[in-house]
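1. please work out how this folds:
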Amino acid sequence: ACGESHMARVHRRILTKDASRVLLDVVETGDTRWLPVGEDDAQGKLFLDGQVSAHAFAFFLGCAFKGTQLSMLEMAERLPDLESRLDACRHVDSYPLLGHVKMQLTKLLLSSFTCLEPIAKEVLDVSKLGLCRSELILDQVHLEGLHMKGLQLDNSHVKRISIRRCMLEDCEFSLSVSATEVQIFTSRLARVQLDTFAPKVSVEESSELVRCNLRVAQELLVQHSRLHSCTFQGSEEDVKDHQVISASFCSSEIYGDVRLPFDKIVCDNTHIHGDLLQITRKGASIRFAKTQLRSLPHTESESQVNLSLEDCELMDAIVFHRMNLQLRNVLFTKPCEFVDIVFTEKVSDMNFPRKSKFRHVRFEDGLHGCIACGCAFEGCNFGYGQDAVSDCLLTQCSFRACRFPFLEAD
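-> Predicted coordinates for the structure are as follows:
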């Protein structure tokens, strides 16, 4: 108000998201449902009537009369439950409060944004709450038991981001947010951009991520969870010299084509259902354990990838091309092809199917206890030492331009 008038005219450009998100929404959409209304009584007192809870209204009056910054403990006492905190966030722009109140209110909500009831079917649109978008420093962002969309966090530093038992849609933790750790448990995230700079990111306990982005600065753990068409953009932007970025997928499912910008990758009892798995880091190593494979990762790197297979079953005819390879207890169900391969350790107890092909393959430590019947070897080196090839059965095989250094004279 201006003077004794109950109305004032302001320039449209003054109404920004930072000044008042609620009033801006009213101007742009005409939606006045969240604005408190009121009327004067005979003595000229103004009585407000709206959707503000008793706790939220008492909180606003306390802030207006006290005129000083409330501590987080005082705010928590005045807004004791989630409903009152949500109401306070919805209407904070409608009251003439100092800017720090909105900031503290946002910090209070995000630090324990928890609903203990079963997850609601109705989606909570957090973008309508008018949360503070200024720089925040938080011990934690804790989201639990929520079904919501539209959450945006910018320009903030958080020690830990924890998402438990949630359903999140179309949310964004921007590139300008840093955190020590991001944890996702028993949650479903759809179109969520986790662009936060975080050394450690974990996705566990039957979580599901659909078309999400995970930025990983150092370590990623995906355990007993599913990823659908997810990306890892931004993971390579802050890599320092000699820094190793690792990813571990344990008992998980990966759907869609995926690009992995990591130095060290472990897939343990994990199934990859996409047609293309790209490895982008130079000299990257990838290890598959207890996994059924129908295809191998494609590499964009100029250097050879280090691939290790342990306790795996190859379900289709696979071409191994231009890599350092280790095989331990691998079952081949169909003939495979090995081209420009270096076996960096002794190949032991392998049964290669008939019609398998080996071209320009080097067995650095030779073979032991292997069976290869009706296979073709071209330009291969079978290793050095008198026991380079021991206890092997190589029958009906063809050998062209191969070297057997252990048979050559000293």
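2. are we agreed that residue 267 is in a strand?
-> Yes. Secondary structure of residue 267 (DSSP: H, G, I helix; E, B strand; the rest coil): part of a strand.
3. who does it bridge with?
-> Beta-bridge pairing of residue 267 under DSSP bridges involves residue 249, residue 288.
4. equivalent analysis for the one 10 residues further on, please.
-> Beta-bridge partners of residue 277, counted by DSSP bridges, are residue 258.
5. okay, residue 298 and residue 319: tell me how far apart.
-> Distance from residue 298 to residue 319, counting by C-beta to C-beta, to the nearest Å: 11 Å. (Each C-beta comes from the backbone N, C-alpha and C, glycine too.)
6. in a strand, residue 130, correct?
-> No. Under three-state DSSP, residue 130 falls outside any strand and is assigned coil.
7. you'd agree it is up against residue 90?
-> Yes. Residue 130 lies in contact with residue 90 (C-beta atoms under 8 Å); the separation is 6.9 Å.
8. how many neighbours does the residue nearest to residue 404 when sequence neighbours are not counted have?
-> Distances taken as C-beta to C-beta, 6 or more residues apart in numbering place residue 382 nearest to residue 404, at 5.1 Å, with adjacent residues excluded. Counted by other C-beta atoms under 10 Å, the residues lying close to residue 382 total 21.
9. wait, what's in contact with residue 382?
-> Listed by C-beta atoms under 8 Å, 6 or more residues apart in numbering, the contact set of residue 382 reads 363, 366-367, 388-389, 402-406.
10. state the mean pLDDT of stretch 107-121.
-> Mean pLDDT, stretch 107-121: 88.
11. please apply the same query to stretch 337-347.
-> 95.
12. okay, that stretch in PDB with CA atoms only?
-> This file holds the C-alpha atoms of stretch 337-347, laid out as PDB (Å, rounded to 0.1, in the frame of the first residue of the first chain):
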ATOM      1  CA  GLU A 337      36.200 -63.700 -33.400                       C
ATOM      2  CA  PHE A 338      39.400 -62.100 -31.900                       C
ATOM      3  CA  VAL A 339      41.100 -59.400 -33.900                       C
ATOM      4  CA  ASP A 340      44.100 -57.400 -32.800                       C
ATOM      5  CA  ILE A 341      43.900 -58.700 -29.200                       C
ATOM      6  CA  VAL A 342      46.500 -58.900 -26.500                       C
ATOM      7  CA  PHE A 343      45.900 -61.500 -23.800                       C
ATOM      8  CA  THR A 344      47.700 -59.900 -20.900                       C
ATOM      9  CA  GLU A 345      47.700 -63.000 -18.700                       C
ATOM     10  CA  LYS A 346      47.800 -66.800 -19.400                       C
ATOM     11  CA  VAL A 347      44.600 -68.000 -20.900                       C
END
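13. distance from the chain centre to it, please.
-> Centre-to-centre, stretch 337-347 and its host chain are 34 Å apart (C-alpha atoms, centre = their mean, to the nearest Å).
14. quick one on the thing from earlier: which one's more surrounded, residue 298 and residue 319?
-> Neighbour totals were compared for residue 298 and residue 319, and residue 298 leads with 14 against 11 (other C-beta under 10 Å).
15. quick one, grab the pLDDT at the more buried one.
-> 71.
16. hmm, residue 276 and it touching each other?
-> Yes. Counting by C-beta under 8 Å, residue 298 touches residue 276, with 5.8 Å between them.
17. buried residues in the helix or strand hosting residue 180, which are they?
-> Using DSSP states H and E, residue 180 falls within strand 178-185. Neighbour counts over strand 178-185 (16 or more other C-beta atoms under 10 Å) mark 179, 181-185 as buried.
18. now do stretch 75-86
-> Of all the residues in stretch 75-86, those buried under the rule 16+ other C-beta under 10 Å are 75, 78-79, 82, 84-86.
19. that older thread, redo the contacts of residue 382 as CSV? Include pLDDT.
-> What follows is the contacts of residue 382, written out as CSV (pLDDT from 0 to 100):
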residue, pLDDT
363, 95
366, 92
367, 94
388, 89
389, 91
402, 93
403, 90
404, 87
405, 80
406, 71
